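Chemist: Structure of the sequence below:
(one chain, ligands or ions: 1)
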Amino acid sequence: MTATVRVDLGTRSYHVIVGSGALAAIGDTLTGRRRVAIVTQTAIADAHLPALAAALDAAGIEHRAFTIDTGEDAKSLATVETLCESFAQWPLLRGDAVVALGGGMVGDVAGFTAAVYYRGVPVVQVPTTLLAMVDAAIGGKTGVNLPQGKNLVGAFHQPLAVLADPTVLATLPDREYRCGLGEVAKYALMGDADLTAILATRSDAVLARDPEVVADIVVRSAAIKAHYVALDEHETSGVRAHLNYGHTLAHGIETVAEYALAHGEAVAVGLVFAGALAGALERIDAAAVAAHVDTITRLGLPTRAPADLSRDDLLAVMQRDKKSSGRLTFVLAGPNGLETVTDPPAVAIDAAFAAVGL
Ligand SMILES: NC(=O)c1ccc[n+]([C@@H]2O[C@H](COP(=O)([O-])OP(=O)(O)OC[C@H]3O[C@@H](n4cnc5c(N)ncnc54)[C@H](O)[C@@H]3O)[C@@H](O)[C@H]2O)c1
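Modeler: As a prediction, this is how the structure comes out:
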């Protein structure tokens with residue numbers, strides 16, 4: 001059983017196919033391609049390469065796997081260069097394709113390598129983390145880090161398709177899975193009442209990674225991401241910034257706490273903060289504020305920031321945030337849906353800090 005979400009981008013439109021049969025679509029996706037380079041990581045290959053290889057064999061497509069290291073240090077131009085050289089030695093040719101089998105890190109590196117190899121070959125994203133299924137694999141943003149900062153070198157390179165099989169999440173470490181739930185909570189609290197209700201009533205099944213329930217929350221989340229990507233493919237109109245709901249404080253926490261909290265955990269705290277700030281500004285009512293805390297709590301994610309963080313340090317980082325142009329800018333819920341709010345009064349910010357234990 002699969003369900004499909006369309007990412008509507010004119011001639012670059014594609015589908016996110018979600019369900020335990022998603023890999024079977026790889027043959028149709030790659031019709032006419034002779035060989036594909038699969039970019040992955042060792043632990044992912046051990047568990048999930050056989051199924052992908054079998055689907056490619058069934059489609060008569062030659063394939064070879066290229067593994068890269070884990071961690072943000074390996075998300076580098078050096079890794080891209082090594083991959084390009086390995087592709088050229090094989091050789092992978094202009095009419096061939098790349099398949100990214102992994103989480104957001106593999107997707108970003110493989111996607112960027114595909115964007116530049118032969119000045120661009122197609123890529124298929126096969127996400128293996130919840131975060132990649134609902135976020136990183138959709139939207140065409142690819143790239144690598146520099147010593148000076150994360151994701152500083154990259155390209156927009158939309159995939160041919162995104163094939164998301166929730167059963168692969170069975171092998172994902174627990175903390176990685178919960179981090180993905182932080183992004184799912186974000187989509188829910190951005191204003192999807194149905195998704196919020198599923199997270200409230202089926203949280204046990206969600207936490208147990210029940211493939212049917214996970215497929216449902218992936219489809220709903222992917223549809224929201226696809227909606228914003230279609231409105232603002234290259235992040236020029238500002239509307240794609242709504243996807244940063246909860247991320248202003250999250251980025252501050254990640255920087256000030258030096259990544260002691262994983263991204264999804266920081267997003268969870270950031271969502272509680274955003275809910276409390278919108279409440280203090282009387283943009284949403286007390287029940288909507290409480291829904292933020294309730295959703296995060298049910299998913300086993302933190303609602304409070306590490307107590308030793310200083311408000312001043314967090315405010316300084318939030319003002320420097322690359323998406324805020326030097327002012328204190330938040331995406332907040334309100335009567336007209338999500339809106340960007342700049343420089344809210346100090347008393348409201350104080351209340352929001354208090355809500356996350358600061
Ligand atoms: N392009 C975008 O729009 C976008 C959006 C959000 C995040 N990102 C990027 O995504 C990256 C984070 O991605 P992530 O959270 O998916 O983490 P990740 O890709 O670093 O994966 C985390 C760990 O889980 C392992 N893993 C992945 N799938 C597994 C599975 N099914 N079973 C067992 N182990 C598995 C990986 O090998 C890795 O060790 C960051 O580099 C971030 O910048 C990109």
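
Chemist: Any chance you could list what contacts stretch 341-358?
Modeler: Here stretch 341-358 makes contact (Cβ atoms under 8 Å, 6 or more residues apart in numbering) with 249, 269, 272-277, 279-281, 283, 303-305, 307, 309, 311, 314-315, 327-332. (C-beta placed from N, C-alpha, C; glycine too.)

Chemist: how about a cut-off of 7 Å?
Modeler: Under the contact criterion Cβ atoms under 7 Å, 6 or more residues apart in numbering, stretch 341-358 has outside partners 269, 272-273, 276-277, 280-281, 303-305, 307, 309, 311, 327-330, 332.

Chemist: how about the residues of the chain that lie near the ligand?
Modeler: Contact residues (Cβ under 6 Å from any ligand atom) of the chain with the ligand: 41, 43-44, 47, 70, 72, 75, 102-106, 108, 128-129, 131-132, 135-136, 139, 141, 151, 168-169, 171-172, 176, 179.

Chemist: So which of the residues you listed belong to strands?
Modeler: If you go by DSSP state E, those have 102, 141, 151 in strands.

Chemist: got a list of what the first one touches?
Modeler: Same thing as residue 102. Neighbours of residue 102 in contact, by Cβ under 7 Å, 6+ apart: 40-41, 44, 128.

Chemist: Among the ones in strands among the residues of the chain next to the ligand, which one sits closest to residue 225?
Modeler: residue 141 (10.9 Å; Cβ to Cβ).

Chemist: in the sheet, who's paired with that closest one?
Modeler: Beta-bridge partners recorded for residue 141 (DSSP bridges): residue 156.

Chemist: That one contacts residue 156, correct?
Modeler: Yes. With contacts counted by Cβ atoms under 7 Å, residue 141 reaches residue 156, the gap being 6.4 Å.

Chemist: Give me the more crowded residue out of these two.
Modeler: Counting neighbours by other Cβ atoms under 10 Å for residue 141 and for residue 156 shows that residue 141 has the greater number, 23 against 15.

Chemist: Which secondary structure elements does whichever strand or helix holds residue 296 sit against?
Modeler: Element membership of residue 296 [criterion: DSSP states H and E] is helix 286-298. Packing contacts for helix 286-298, counted by 3 or more Cβ pairs under 7 Å, 6 or more residues apart in numbering; DSSP states H and E, involve helix 174-189, helix 193-201, helix 263-280.

Chemist: Between helix 193-201 and that helix, find me the angle.
Modeler: Per axes from the mean of the first three to the mean of the last three Cα atoms, to 10 degrees, the angle that helix 286-298 makes with helix 193-201 is 50 degrees.

Chemist: ok, which stretches of the stretch 201-350 of the chain are helices?
Modeler: Listed in chain order, the helices of the stretch 201-350 of the chain (DSSP state H, counting those that start in this stretch) span 203-207, 211-231, 247-256, 263-280, 286-298, 311-320, 346-355.

Chemist: just to revisit the earlier point, pull out the buried positions in the helix holding residue 296.
Modeler: For helix 286-298, burial by neighbour count (16 or more other Cβ atoms under 10 Å) applies to 288-289, 291-296, 298.

Chemist: Just send those residues back as a markdown table, with distance to residue 81 too.
Modeler: Formatted as a markdown table, the buried residues of helix 286-298 follow (distance: Cβ to Cβ, whole Å):
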| residue | distance to residue 81 |
| --- | --- |
| 288 | 49 |
| 289 | 49 |
| 291 | 47 |
| 292 | 44 |
| 293 | 46 |
| 294 | 47 |
| 295 | 42 |
| 296 | 41 |
| 298 | 44 |
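
Chemist: Tell me the confidence at the residue lying closest to residue 254 once chain neighbours are set aside?
Modeler: Counting by Cβ to Cβ, 6 or more residues apart in numbering, residue 254 lies nearest to residue 266, which is 5.0 Å off, once chain neighbours are set aside. pLDDT recorded at residue 266 is 97.

Chemist: Make sure residue 266 is actually in contact with residue 250.
Modeler: Yes. The pair residue 266 / residue 250 is scored as a contact, 3.9 Å apart, by Cβ under 7 Å.

Chemist: before we move on, back to that, gap between the residue nearest to residue 254 and the ligand?
Modeler: 12 Å (Cβ to the nearest ligand atom, to the nearest Å).

Chemist: How about residue 27, nearest residue that isn't a chain neighbour?
Modeler: residue 59 (2.9 Å).

Chemist: Neighbours of the one you found, how many?
Modeler: 18.

Chemist: Residue 255 too?
Modeler: Counted with other Cβ under 10 Å, the neighbours of residue 255 add up to 17.

Chemist: got the contact list for it?
Modeler: residue 317.

Chemist: Residue 337: neighbour count?
Modeler: For residue 337, the count of nearby residues is 9 (other Cβ under 10 Å).
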